[in-house]
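Asks: structural data only, the sequence is not supplied:
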């Protein structure tokens, strides 16, 4: 199941957003034009624009206004990915060559900077300074989260709290403001905006936990990259943290992680992935994702009973059930 | 002579801006706190904040408002430097270790991203969406300029026009908006803001040409890095372009540049620097910087006769005479 299958009425507008996304990075500078489009055309779920448009349904829905939020949020997300690929030394993403491997690290870094600036330019075309500020705040938190991720690479002693704070910054806040700012730009009440923020935050947490589970459970074809990529780069995710709590497998798992750290050894990655998949770590992480999904559903309770409410419910379920 | 020696009345406010600059990047994330402060405390001329404050003198001068422009502009500049250091593989800047060499490239990249986001956050605290937009526009141009610089590395066939467009984007626009936005935030008339923009643009062009001359002419002690660093990284600047126009030295200079490209050979860098310094390229570049300085002085003509006008004149002269 694809995301837009549960959102048929958004298809037309999402097609328009897709075009606007490409248009937003157009430039005479040929190399930047090429690298930016390469990155954007590699696809993605466009989760953030979808949330912006759905948030907009709770007020005066105007795609010409909402695009100024939907496009920048997807750009910020893409910009962070192209920089992540430099850090992770990633060859492919979504089955396509990354900018850093098709071109080089320098070009990937500047492509990210450019897309980031384009995002700010497009959002600042809306005459609402509070929207600009909310966006900038989320960006500060996101960049802190990225540095935390580097700091925590291969740290097998990190706490669950540590992990949750990191994914909150890295993922959940941007999804939270996607839901919120769509509604803000559409002039919805502050109560509605607040509930949508809370929904988005909790869906974002569930989404990232599910992403971390998929990295262990998915196939190379589904993921567009080899399973266990998180482990390979040293990113210790929640199923791993839970698995490490089991004293029976902890020593062996620690040894495998040390091997990975010392030699980028795919054999150890496969062994570690196998060990974690057989541990209680997977189920515990699924339960945690479910808890966040339920909090997201709770946040929807006070919202007006429009069809969008059902859409948001469906997405929350989709997020924890998806296989891509 | 130091910049603030000609601006004694700004000393107190610039000290305050310096403190606010450090405060603006404060975070509980220890690594980011450390890398950001390392970068900012390495110093710099603080040219952009100075221009913001001087621009503010043409309206209602309020340091509490102006800091929301002065600090972000210095942050954007610093953020671009830390990313440049990754690209240039620079070991030192202003005589201090760069973030990329004290830590690593990944940390430098995320430090730049973080500082960039902090800049946006601080400027968006001003409730004037047009200021946000002007800033974002300049950032788009700056990132395009950075990519152009990579594209043009070791391109010995580039035109003067090409060079001018690149430094316009890389340097002059940010200085132009420093002058302009200080006045905008202080509520100066649009005519004053326009003149200040034009002054800043032309001073910025002169400044960058002078910077490119200093890279050839300065000593390692003055520059905080070895002379000829631009050549070493492949950055073909205006004195080089002029020198290449001289058919008598062109073949030898082309050969030296090819050697540098192929082997990062400091001997060839020294020989090329020597050859350019003896060519007419230096004088021609100085004349070009003077022409921009004169345009900057012209732009001041219509401004009210306050003391700041003299300060701006002095800075324009300083920019083309400085030795650091």
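Replies: Perfect, I can see it now. Quick caveat: nothing in here was measured; it's all calculated off a predicted structure. Residues are numbered from 1 along each chain as shown, chains lettered A, B, ... in the order given.

Asks: buried ones in stretch A:130-138?
Replies: Using 16 or more other Cβ atoms under 10 Å in any protein chain shown as the test for burial, stretch A:130-138 gives A:131-138. The C-beta positions use only the backbone N, C-alpha and C, and glycine is treated the same way.

Asks: save those as a markdown table, and put in secondary structure too.
Replies: A markdown table is the format used below for these (DSSP: H, G, I helix; E, B strand; the rest coil):
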| residue | secondary structure |
| --- | --- |
| A:131 | helix |
| A:132 | helix |
| A:133 | helix |
| A:134 | helix |
| A:135 | helix |
| A:136 | helix |
| A:137 | helix |
| A:138 | helix |
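
Asks: and chain B, which of these contact it?
Replies: By Cβ under 8 Å from any Cβ of the partner chain, the members of the buried residues of stretch A:130-138 lying near chain B are A:132-133, A:135-137.

Asks: closest one of these to residue B:2?
Replies: residue A:136 (33.2 Å; Cβ to Cβ).

Asks: ok, now which ones touch the closest one?
Replies: B:117, B:120-121, B:124 (Cβ atoms under 8 Å, 6 or more residues apart in numbering or on different chains).

Asks: these in strands, which ones?
Replies: Nothing among the contacts of residue A:136 maps onto strands, per DSSP state E.

Asks: between these, which is nearest residue B:267?
Replies: Once Cβ to Cβ is applied, the member of the contacts of residue A:136 that ends up nearest residue B:267 is residue B:117, at 42.4 Å.

Asks: that closest one contacts residue A:145, doesn't it?
Replies: No. The pair residue B:117 / residue A:145 is not scored as a contact, 11.2 Å apart, by Cβ atoms under 8 Å.

Asks: higher neighbour count, the two?
Replies: residue B:117 (25 against 22; other Cβ atoms under 10 Å in any protein chain shown).

Asks: need phi/psi at residue A:97.
Replies: Here is the backbone geometry of residue A:97 (degrees, to the nearest 10): phi -60, psi 140.

Asks: could you export the ones next to chain B among the buried residues of stretch A:130-138 as JSON lines, including distance to residue A:66 and pLDDT?
Replies: Listed next are those as JSON lines, based on distance: Cβ to Cβ, whole Å; pLDDT from 0 to 100:
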{"residue": "A:132", "distance to residue A:66": "16", "pLDDT": "97"}
{"residue": "A:133", "distance to residue A:66": "18", "pLDDT": "97"}
{"residue": "A:135", "distance to residue A:66": "14", "pLDDT": "97"}
{"residue": "A:136", "distance to residue A:66": "19", "pLDDT": "97"}
{"residue": "A:137", "distance to residue A:66": "20", "pLDDT": "97"}
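
Asks: let's have these in TSV, adding distance to residue B:73.
Replies: Below are those laid out as TSV (distance: Cβ to Cβ, whole Å):
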residue	distance to residue B:73
A:132	16
A:133	18
A:135	19
A:136	15
A:137	19
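
Asks: find the pair from the residues you listed with maximum spatial separation.
Replies: Every pair of those checked by Cβ to Cβ; the farthest is A:132 and A:137, at 9.8 Å.

Asks: what about the strands in chain A?
Replies: Going by DSSP E, chain A shows strands at A:92-93, A:96-97.

Asks: what mean pLDDT does the last one have?
Replies: Averaged across strand A:96-97, pLDDT comes to 82.

Asks: how about stretch A:68-83 against chain B, any contact?
Replies: Yes. Against chain B, stretch A:68-83 shows contacts by Cβ under 8 Å from any Cβ at residue A:83.

Asks: contact partners for the residue lying closest to residue A:230 once chain neighbours are set aside?
Replies: What sits nearest to residue A:230 in space, not counting adjacent residues and going by Cβ to Cβ, 6 or more residues apart in numbering or on different chains, is residue A:215, at 4.7 Å. Counting by Cβ under 8 Å, 6+ apart, residue A:215 touches A:223, A:227-230, A:237.

Asks: this completes my enquiry, with thanks.
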